[in-house]
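> Need coordinates for the below:
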Amino acid sequence: MNVHNPVVAPAESALEKPQLTAGDRLRRMARHPLLVAVGVILAITGVAIVVSYIQSKPVTLKIAAGARQGEDHKLVQQLSQYLARERAPVRVQIVRQDAGQSSAELLDNGTADLAVVRRDVAMPKIGQVVAIHRRNVAVLIVPPAAAAAANGAAKNGAKKTSRANKAAASAKKPAPEAPKPVEKIEDLYGKTVAIVGRTPANVTLLHTILGQYGVPADKVTTIQFGIEDLTTQLKAATFDALLAVGPIGSRITAEAVTALARGKEQPMFLEVSSSEAIEQQNPVYESTEIPAGAFGGSRPAEAVETIGVSHYIVARRSLDDDIAGRFTKWLFNAKQAQGAEFPAFTRIESPDTDKAATLAVHPGALAYLEGEQKGVFERYSEPLYWGLMLVSFFGSGAAWLISYARSTPSKYERRNDLESLIGVIKRARSAASNELDLMCIEIDDIVERAIRQIESGEIQHNRSSAVTLAADQARRAIAERRAALAKG
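This is a model prediction of the structure:
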């Protein structure tokens, strides 16, 4: 009996390449923990790269910027062009607004992600501040005395004919008093005030000032002018004072001041000395002042106290913090890069970031302004850390389960296989012919299972030799029994 080089003679089906199950593949992986660890690290790295790529793709935000001819709209147009030119990770697209539709309304109904809003008009309910677009000041000016006299003459010129017819009757009456010149806000009672711009908010601002000084709003006549060809309009009109609302150095306000000048005579600037009281009563306004020479030369000759109102760039509260932070970063980048060419960018300011501030700042903008904006890996470091911990925990548990499943049941199965082969050897000596066929099938099944276990590494060399020897002996016993039955 040759047992020095035992060779298993499996059935034909056993020689075919076995199909590996999911359990077989897991068991193979469990035998190489280093490869498993490398695979997990590569998978996590791949996820991080994908996330980084997604984050780097430009995001387009819709912004409501008011009327097309307004300063807000023009600035946002320049900002949009700058972001596109610099290939910024965040872009802006101006939302079309219908007549009478406010920017705050577009933000609240979800049409826009960002909006430029004026503080005293309407602040969106779901909006948070990203930046101050500009600070406007209320400029109340009175034409010089010569202009007032000229205006008064023009006003009375149309009545000269009727007055001539009544000259005899009026000769006995005392001459009417000259109109009282406007030297302070209280003197606007019964006067006409021209307002630059057709927005109702400027009229409301004037009424707020008048109310602070006890002047009823219905006792002052207002005339509103558009900003197109403003100088011509103002020189052709008759009024006692003028209100312009705009930032310091505004071209429109400067044009209005220049239009009211008469040679060397300059218009007089009315002071709103109760600006702090107005701010306390109406937080939408701010106490401020017009610096001396703000509109060229000695206009005004010295600083003038007044009230102001700011325009804000706001974002919806639900806007992702990272996106809001990136927009804020590029907005202030545009201020530095475009300020020389477009002065409107220089008026952009950081909002009040104090926790007690009246207006809440968007968390994403706040993170950038305070230098706490996180990078991609900083934002996802904590989830990655916990992900690695969970993968390690579940990986260890899975490896233990696979190891347990591979050791205990497999040893039991292999011991049963050897015992079954030994039992075949014993039974074959007295088995009938039909039983011998069943024994051959049983041996083939055991051999096939042994081949799979050898391939998966579950059987060591000495164990495979034992199985091979037992199978060989079982087949020999069956062959001898067949020969004995054939002789009998």
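> Give me the neighbour count for Val314.
31 (other Cβ atoms under 10 Å). Glycine gets a C-beta too; all of them are placed from N, C-alpha and C.
> element containing it, please.
Secondary structure from DSSP states H and E places Val314 in strand 304-316.
> So in that sheet, which strands flank that strand, and in what orientation?
strand 114-118 (antiparallel), strand 127-142 (antiparallel), strand 286-290 (antiparallel) (DSSP bridges).
> list the contacts for Phe269?
Phe269 makes contact with 139-141, 290, 299-300, 304, according to Cβ atoms under 8 Å, 6 or more residues apart in numbering.
> make it 7 Å
Applying Cβ atoms under 7 Å, 6 or more residues apart in numbering, we find Phe269 in contact with 141, 290, 300, 304.
> how about the nearest residue to the second one, chain neighbours excluded?
Counting by Cβ to Cβ, 6 or more residues apart in numbering, the nearest residue to Ile290 once its immediate chain neighbours are dropped is Val304, at 4.5 Å.
> Do I have it right that the one you found meets Glu289?
Yes: under the criterion of Cβ atoms under 7 Å, Val304 makes contact with Glu289 at 6.2 Å.
> Just the element for the residue nearest the centre of the chain, please.
Residue closest to the mean C-alpha point of the chain, counted by Cα atoms, centre = their mean, is Ile323 at 3.1 Å. Using DSSP H and E, Ile323 falls within helix 321-338.
> what's in contact with the next helix or strand after that helix?
Elements were assigned by DSSP H and E; along the chain past helix 321-338, the next helix or strand is helix 363-369. Helix 363-369 is contacted from outside by 130, 321-325, 328-329, 350, 353, 373, using Cβ under 7 Å, 6+ apart.
> Closest one of those residues to Ile478?
Checking the contacts of helix 363-369 against Ile478 by Cβ to Cβ gives Asp322 as the nearest, at 75.2 Å.
> circling back: okay, Val304 and Glu289: which has more neighbours?
Val304 (22 against 19).
> coming back round to it: which one of the strands paired with strand 304-316 lies nearest to Met389?
strand 127-142 (34.5 Å).
> that older thread, closest to Ile227 out of the strands paired with strand 304-316?
strand 127-142 (13.8 Å).
> Quick check: which of the strands paired with strand 304-316 has the most neighbours on average?
Burial of those is given as mean neighbour count (mean count of other Cβ atoms under 10 Å); strand 114-118 ranks first at a mean of 27.
> what's the spacing between the residue nearest to the centre of the chain and Val90?
6 Å (Cβ to Cβ, to the nearest Å).
> Show me whatever sits in contact with both of the two.
By Cβ under 7 Å, 6+ apart, the residues touching both Ile323 and Val90 are Val59.
> returning to what we had before: take the strands paired with strand 304-316 and lay them out in JSON lines including mean pLDDT and distance to Thr358.
Shown next, in JSON lines, are these (pLDDT from 0 to 100; distance: least, Cβ to Cβ, whole Å):
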{"stretch": "strand 114-118", "mean pLDDT": "96", "distance to Thr358": "14"}
{"stretch": "strand 127-142", "mean pLDDT": "96", "distance to Thr358": "10"}
{"stretch": "strand 286-290", "mean pLDDT": "96", "distance to Thr358": "10"}
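> got CSV for these, with distance to Ile227 too?
Shown next, in CSV, are the strands paired with strand 304-316 (distance: least, Cβ to Cβ, whole Å):
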stretch, distance to Ile227
strand 114-118, 16
strand 127-142, 14
strand 286-290, 19
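> Quick one: neighbours of Arg481, just the number.
20.
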